[in-house]
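[1] Take this sequence and fold it.
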Amino acid sequence: MIATTHPLRRTLCGLGIAAGLTVASVIGTGTAAAEPTLEPTIASMAEYLDATVTATPDGRRPTVIADTGSASGSSSGSAGSRASDAVGEGPEMSAYLPAFAYGLLHPDAAPPGANRWNCKPSAEHPRPVVLLHGTWLNAYDTFSYLSPRLAQAGMCVFTLNFGKSGLLEGGGIGAVLPGRYGVGPMADSAGQVAAFIERVRAATGAEQVDIVGHSQGGTIANHYLKFGGGQDKVGKLVTFGATHHGTSLLGMATLGRMINNAGIDILGFYRPIVGVANIEQAVGSEFYTTLNAAGDTVPGVAYTVVGSRYDEVMNPLELGFLHAGPEATVDNITLQDGCEQDISDHLTMMYSPRAVSLALRALDPEGGHAVTCTFNPWFFGGGGSL
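    Okay, here's the model as predicted:
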């Protein structure tokens, strides 16, 4: 009983603090219109203190430096969400379950072959590849199979952990486990990705990058392309099980959205449990209305979209596909077309030899990469090898 009520008390306390800050902000606005509105963010606090600080006798005026916090110093975004580099390459894995176990003990490990900051793109592979993980995942347990194969093919590979948020910050109960990232507001995560890509471009001297995104990572990339200034900085976007139009989660999210539209905020009830990012990824959310208002794609980008019929998270399958707009190309691929023995689900898709070969072909179409067909079991993955 104590283990159940204590987290609940902390959650209610956090909600009470947030409500108190909001009320204080409203009251302050009504009684002193000249003062800045104090929102419960680090940036707003810094602005407030800057506006109220007095100059020293010699005329100098101190200013506040706002630090959003990051394990590596590379964070950007809101006070409730942050990013950090994946550092210290972990071992190559052939299946998701052992990668997940390693990721619990080493939540900020880099997948093998990634974040070698002295890597310089070659003429054959002029664009670095940025890997973006999904919800409740991290860079290592998502890409410990794909990353080394991209590096072995001669590509410079980079990745980060974004959307890091605690339970009281809105990350949901999944964030209690080590390495369960991608839980913060997706617009914030897209901002963190944008800052990371600028670092990659500066370190490599490349004008553009290519992006491989799994699940929410594909959606974050799409948001960056449309609203984060990424359109001219990305050549190719390759996604696997991406929530491009939201997911029904076998109909549960669709039902929840219908109840919400009827006036009962059932999704709001679950937000503290599943986290902000999961609520935003429910089909029909305001996030997707904004994201896709002007179409699925942006001009100048080549899209490769891969989905699995056995994906228990991103469904129905068609919601993950994109429709090409002006000056964009889209290749929508069902993993099982021509290879029925690959029964990868949402997580094991990134441990499928076929999926890896599709990524290599999309990123390097002139490299002669054959698309393979290998048995890849649901839940275990890795071509059946543990």
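[2] all contacts plus neighbour counts: C-alpha atoms, from now on.
    Will do.
[3] How about the secondary structure of Gly163?
    strand (DSSP: H, G, I helix; E, B strand; the rest coil).
[4] Assumed Thr219 was part of a strand.
    No - the assignment for Thr219 (three-state DSSP) gives helix, which keeps it out of a strand.
[5] now the strands for the stretch 251-386 of the chain?
    For the stretch 251-386 of the chain, the strands defined by DSSP state E, counting those that start in this stretch occupy 302-307, 329-334.
[6] just those strands: most buried one?
    When the strands of the stretch 251-386 of the chain are scored by mean count of other Cα atoms under 10 Å, the highest mean neighbour count falls to strand 302-307 (a mean of 24).
[7] Find out how far that one is from the centre of the chain, if you would.
    Relative to its chain's centre, strand 302-307 lies at 17 Å (Cα atoms, centre = their mean, to the nearest Å).
[8] same thing with stretch 225-239?
    Using Cα atoms, centre = their mean, the offset of stretch 225-239 from its chain centre is 14 Å.
[9] in that stretch, what's buried?
    Residues of stretch 225-239 classed as buried by neighbour count (16 or more other Cα atoms under 10 Å): Leu225, Lys226, Gly228, Gly230, Gln231, Lys233, Val234, Gly235, Lys236, Leu237, Val238, Thr239.
[10] Put together CSV for the strands of the stretch 251-386 of the chain, with mean pLDDT and distance to Gly284 on each row.
    Formatted as CSV, the strands of the stretch 251-386 of the chain follow (pLDDT from 0 to 100; distance: least, Cα to Cα, whole Å):
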stretch, mean pLDDT, distance to Gly284
strand 302-307, 98, 20
strand 329-334, 98, 22
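[11] out of the ones you listed, which comes closest to Cys119?
    Evaluated over those, closeness to Cys119 peaks at strand 302-307, with 24.1 Å, by Cα to Cα.
[12] what's across from Val330 in the sheet?
    Beta-bridge partners recorded for Val330 (DSSP bridges): Tyr303.
[13] Surely it is in contact with Pro299?
    No - counting by Cα atoms under 8 Å, Val330 sits too far from Pro299 to count as a contact (11.2 Å).
[14] Kindly format the C-alpha coordinates of stretch 109-125 as CSV.
    The C-alpha trace of stretch 109-125 is given here as CSV (Å, rounded to 0.1, in the frame of the first residue of the first chain):
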residue,chain,number,x,y,z
ALA,A,109,26.0,4.2,-23.8
ALA,A,110,26.7,4.9,-27.5
PRO,A,111,25.9,2.1,-30.0
PRO,A,112,29.1,0.7,-31.6
GLY,A,113,30.4,2.8,-34.4
ALA,A,114,28.6,6.0,-33.3
ASN,A,115,29.7,9.4,-32.1
ARG,A,116,33.3,9.2,-33.3
TRP,A,117,33.6,13.0,-33.5
ASN,A,118,36.8,12.9,-35.5
CYS,A,119,35.0,11.1,-38.4
LYS,A,120,35.1,13.0,-41.7
PRO,A,121,32.6,12.2,-44.4
SER,A,122,34.0,10.8,-47.6
ALA,A,123,33.2,11.6,-51.2
GLU,A,124,31.2,8.3,-51.4
HIS,A,125,29.3,9.2,-48.2
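[15] Pull the distance from that stretch to the chain's centre.
    20 Å.
[16] Now do the contacts for Lys120.
    Cys156, Thr204, Gly205 (Cα atoms under 8 Å, 6 or more residues apart in numbering).
[17] Narrow these to those in strands?
    Applying DSSP state E to the contacts of Lys120, no entry is found in strands.
[18] of those, buried ones?
    Cys156, Thr204.
[19] Now flag whichever of the contacts of Lys120 is closest to Gln336.
    When the contacts of Lys120 are compared for distance to Gln336 (Cα to Cα), Cys156 wins out at 29.1 Å.
[20] Got the phi and psi for that closest one?
    phi -80, psi 120 (degrees, to the nearest 10).
[21] you'd agree it is up against Asn118?
    No - with contact defined as Cα under 8 Å, Cys156 and Asn118 do not form a contacting pair (9.2 Å).
[22] Same list, the strands of the stretch 251-386 of the chain, but as CSV with distance to Leu104 please.
    What follows is these, written out as CSV (distance: least, Cα to Cα, whole Å):
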stretch, distance to Leu104
strand 302-307, 27
strand 329-334, 31
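[23] how far away is Ile197 from Leu225?
    According to Cα to Cα, to the nearest Å, Ile197 stands 12 Å off from Leu225.
[24] Scan the helices and strands of this protein for the one with the lowest mean pLDDT.
    helix 2-31 (a mean of 35; mean pLDDT, DSSP states H and E).
[25] For the residue nearest to Leu322 when sequence neighbours are not counted, report the pLDDT, please.
    The spatial neighbour of Leu322 that comes closest, neighbours along the chain excluded (Cα to Cα, 6 or more residues apart in numbering), is Asp296 at 5.9 Å. Looking at Asp296, its pLDDT is 97.
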